[in-house]
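Q: fold the following, please.
(chains A, B and C)
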Amino acid sequence: MTVQIQDDFDLEKIDGSGQCFRWERDGNGFRIVHGEHALFIRPGGEDRYVLDCTEEEYAGIWRPYFDLDTSYAQIRGRVEPASDPYLAAAAEAGRGIRILRQDPWEIVITFIISQNRNIPMIRRSVEALCVCAGEVREDRAGRSFRTFPGPQQLSGLDRDTLMGPCVLGYRWKYVQDVSRRAAEGLFLPERISKMPDREAMEALMDLPGVGPKVASCILLFGFHRLDFFPVDVWIRRVLEEEYPQGYDREKYTPYNGVYQQYLFAYSRARAGRGSEMPRNPG
DNA sequence: AGGCAGGTTCTTA
DNA sequence: TAAGAACCTGCC
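A: Residues are numbered from 1 along each chain as shown, chains lettered A, B, ... in the order given. Here you go, the predicted model:
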């Protein structure tokens, strides 16, 4: 089917934004796995996109996944160039970025894995986890894909598999512990959903391998709490260099997380680390 | 060869 | 409570 999307929507930018690690480029489109579902989506000219799914699947699965009922253009438009020129420039450059509604459990594990690593390494480990413990499914075109392993499946992996094929390094213990807790019902993502921000943050930071940055990412990307503002080295750099007098988060409530994405992408792009651009030494 | 990469944890004042 | 070191691994 074909859909028209008027709002900010740029597949390349979303893919490179560091919130999803399983999108697979195919021609000028992407293959995306979400839960039990797989999608191939590609630009179809103007504001159109071609998706290999039914109207029902679009309405029930993919439209929510891409968070298409939220206007990111409107959120972006709240930035005033006069009062915050740097963020305004970042937002303009980041036009098209959205915050996906991904599976909370997948995000918990993915961001525990993300610590102290770069994007290619994260992708590699996530993919390996799916191969080692996920289940095989078939997409509409008859191609097979793998689901992201649930707590039960993940907790079945031993140290050697997590360290070897999955290349988790010292993080293997975190993944095993969290998976076991979840499998035993001691950690339930659906319970996090019901907690107020502060409490949710604390509950996540009770998990081994989850500190302030990872917890913020989990809440932003896994629970769609758009006001969380993960501070990593890139953001820290931006805040130090561009906002020496301080960055006014209150002004941007409740969308700090969206603006963080703009700042993050902008910072990396200017450092020559935009995901799609190759290194350019010298 | 040694440092760093989208942090967290453990150890030490 | 606050800095510093260690940690798997891959890459320059």
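Q: check contacts around A:G209.
A: Neighbouring residues of A:G209 by CB atoms under 8 Å, 6 or more residues apart in numbering: A:112, A:115, A:171, A:173-175, A:177-178. C-beta here means a position set from N, CA and C on the backbone, and glycine is covered the same way.
Q: okay, how far is it across stretch A:70-90, tip to tip?
A: In stretch A:70-90, first residue to last residue: 20 Å (CA to CA, to the nearest Å).
Q: buried ones in stretch A:253-266?
A: A:255-266 (16 or more other CB atoms under 10 Å).
Q: swap in stretch A:145-164?
A: Buried residues in stretch A:145-164, counting neighbours by 16+ other CB under 10 Å, are found at A:145-151, A:153-155, A:157, A:161-163.
Q: so is that stretch next to DNA strand C?
A: Yes. Contact between stretch A:145-164 and DNA strand C, assessed by CB under 7 Å from any atom of the strand, occurs at A:M163.
Q: again with stretch A:200-213
A: No. Judged by CB under 7 Å from any atom of the strand, stretch A:200-213 stays clear of DNA strand C, getting no closer than 10.3 Å.
Q: quick one: average pLDDT of stretch A:6-20?
A: Stretch A:6-20 shows an average pLDDT of 95 in the prediction.
Q: what do you get for stretch A:250-266?
A: Taken as a whole, stretch A:250-266 carries a mean pLDDT of 96.
Q: for the residue of the stretch 151-282 of chain A found nearest DNA strand C, give me its contacts.
A: Across the stretch 151-282 of chain A, the shortest distance to DNA strand C (CB to the nearest atom of the strand) belongs to A:G169, at 2.6 Å. Listed by CB under 8 Å, 6+ apart, the contact set of A:G169 reads A:M163.
Q: quick one: which helix or strand includes the nearest residue to A:A271 once chain neighbours are set aside?
A: Among residues not flanking A:A271 along the chain, A:W234 sits closest, at 8.0 Å (CB to CB, 6 or more residues apart in numbering). In the assignment (DSSP states H and E), A:W234 maps to helix A:233-242.
Q: check whether that helix comes near DNA strand C.
A: No. Counting by CB under 7 Å from any atom of the strand, DNA strand C has no neighbours in helix A:233-242; the shortest distance is 12.3 Å.
Q: check which element follows that helix along the chain.
A: By DSSP H and E, the next helix or strand past helix A:233-242 is helix A:256-270.
Q: how far is that following helix from where the chain is centred?
A: Centre-to-centre, helix A:256-270 and its host chain are 13 Å apart (CA atoms, centre = their mean, to the nearest Å).
Q: what is it packed up against?
A: Under the contact criterion of 3 or more CB pairs under 8 Å, 6 or more residues apart in numbering; DSSP states H and E, helix A:256-270 touches helix A:72-77, helix A:85-93, helix A:233-242.
Q: just tell me which of those helices ends up closest to DNA strand B.
A: Using CB to the nearest atom of the strand, those put helix A:233-242 closest to DNA strand B, at 4.1 Å.
Q: how big is the angle separating that closest one from helix A:256-270?
A: Relative orientation of helix A:233-242 versus helix A:256-270 (axes from the mean of the first three to the mean of the last three CA atoms, to 10 degrees): 80 degrees.
Q: re the thing from before, can you flag which of the contacts of A:G209 belong to helices?
A: A:112, A:173-175, A:177-178 (DSSP state H).
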